[in-house]
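S.K.: Task: produce atomic coordinates for the following.
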Amino acid sequence: MRRDEGAAAARSRRSARAPLAARPRRRGAAREPATGGRGGNGAARPGTRGRDPERTRARILDAATGEFARYGLAGARVDRIADSAGANKRMLYYYFGDKNALFAAVLEHAYRSIRAAEQTLNLLDVEPIEGVRRLVAFTWRYYLEHPEFLTLLNSENLHRGRHVKGSRRVRAANSPLVATLGAILRRGERAGAVRPGIDPVQLYISIAGLAYFYLSNNYTLSAVFGRDLATARARRERLAHMIDVVTGYLAAGGDARRRRPAFDKHGAAR
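M.R.: Residues are numbered from 1 along each chain as shown. Purely as a prediction, here's the structure:
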C-alpha cells in the first residue's frame, strides 16, 4: 500500500513540474489567433502572438483601405491585405470576420475620419455664412488629400450602399454634421443672413456633390472640354466657384422657393 501511495505522489510531483503547454487543453476552449511573439533572436515574428491587438487591427484596416480603394470590393484580395499588414489571414478573419465585413469596417472608418476632421473646424464659433464657407473649403481639400475616400464611395455605390445601409456607426457618425448645419442655418435665419427653409441634408449633398463630381470625373471632363482641370489654377478657380455658388444660394433676400417650378412624379418640370 505504501509503495502505491509513493508512486502516486511521484506522478503528482512530475505533473506539477511539467510545462503548461504540455498539459491537455480543455475541450471547447477558445483559442485566440497568434498575433505576435518572438523568434530565436528576440525579434517579433509577423503572424505570431503580440502585445498590442489594437495596433494589429489598425494595420489591417489601413492595408485594407488601400486595397479596396485600388481594386474595389470585387478585386480586393485578402492575401494582399494580410501581407501588406504584416499579418496572416487567420488574424484578419479573427478581427473582422470576412471580406465583406472588413469592407464595411473600412467604410465606417472612412466616415468617422472625415466627420472627426470636420469637428475641428468649430463651425458654430463663427458667423453662419463663414461657417458654411469653411465647410465648403474643407470638403474640397479633404477630397483632394484623401482620394481613397472617393474611390471607396464609388465602390460602395456599385453595391447599392448595402454595407453602409446596415451600419449604425455610419449613421451615428453623420448625425452630428446634420445637426451642426441645421444649427448654423437656424442661427443665420434669425440674424437675417440666411434665407429660410433650407434643408441641411440637401445643403450638404450639394456641397459634397460640387466637389465629388469634379474630382471623380476629372479625366473625362478635361478631355471633353479640352481643359486640364487638374492644374493648381483650375482647382483654385473651382473652389472659388463652389464657395460663390453655395454662399450665394444661402443669402437672404433671394427666397428661391418663390421661383421653383412645379415637378411631376418623375421629377420633370411641368
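
S.K.: so where's the stretch 51-200 of the chain uncertain?
M.R.: Within the stretch 51-200 of the chain, the stretches with pLDDT under 70 are 51.

S.K.: Please enumerate the helices of the stretch 101-250 of the chain.
M.R.: 128-145, 147-158, 162-165, 168-191, 200-216, 218-225, 232-250 (DSSP state H, counting those that start in this stretch).

S.K.: Select, out of those helices, the one closest to Val106.
M.R.: helix 147-158 (6.7 Å; Cβ to Cβ). Every residue, glycine included, has its C-beta placed from N, CA and C.

S.K.: That closest one relative to helix 200-216, how many degrees between them?
M.R.: 110 degrees (axes from the mean of the first three to the mean of the last three Cα atoms, to 10 degrees).

S.K.: Between helix 128-145 and helix 147-158, find me the angle.
M.R.: Using the same axes, to 10 degrees: helix 147-158 against helix 128-145 is 90 degrees.

S.K.: circling back to that earlier point, mean neighbour count, the helices of the stretch 101-250 of the chain: which tops it?
M.R.: Mean neighbour count, computed with mean count of other Cβ atoms under 10 Å, is highest for helix 128-145 among the helices of the stretch 101-250 of the chain, reaching a mean of 18.

S.K.: got the CA positions of it in PDB?
M.R.: Extracted C-alpha coordinates of helix 128-145, given in PDB (Å, rounded to 0.1, in the frame of the first residue of the first chain):
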ATOM      1  CA  PRO A 128     -23.200  81.300 -40.300                       C
ATOM      2  CA  ILE A 129     -22.100  82.200 -43.800                       C
ATOM      3  CA  GLU A 130     -18.400  82.000 -42.800                       C
ATOM      4  CA  GLY A 131     -19.100  78.600 -41.200                       C
ATOM      5  CA  VAL A 132     -20.600  77.200 -44.500                       C
ATOM      6  CA  ARG A 133     -17.700  78.800 -46.400                       C
ATOM      7  CA  ARG A 134     -15.300  76.900 -44.200                       C
ATOM      8  CA  LEU A 135     -17.200  73.700 -44.700                       C
ATOM      9  CA  VAL A 136     -17.100  74.000 -48.500                       C
ATOM     10  CA  ALA A 137     -13.300  74.700 -48.500                       C
ATOM     11  CA  PHE A 138     -12.700  71.900 -46.000                       C
ATOM     12  CA  THR A 139     -14.700  69.300 -48.100                       C
ATOM     13  CA  TRP A 140     -12.800  70.300 -51.200                       C
ATOM     14  CA  ARG A 141      -9.400  70.000 -49.600                       C
ATOM     15  CA  TYR A 142     -10.300  66.700 -47.800                       C
ATOM     16  CA  TYR A 143     -11.300  65.100 -51.100                       C
ATOM     17  CA  LEU A 144      -8.000  66.200 -52.700                       C
ATOM     18  CA  GLU A 145      -5.900  64.900 -49.800                       C
END
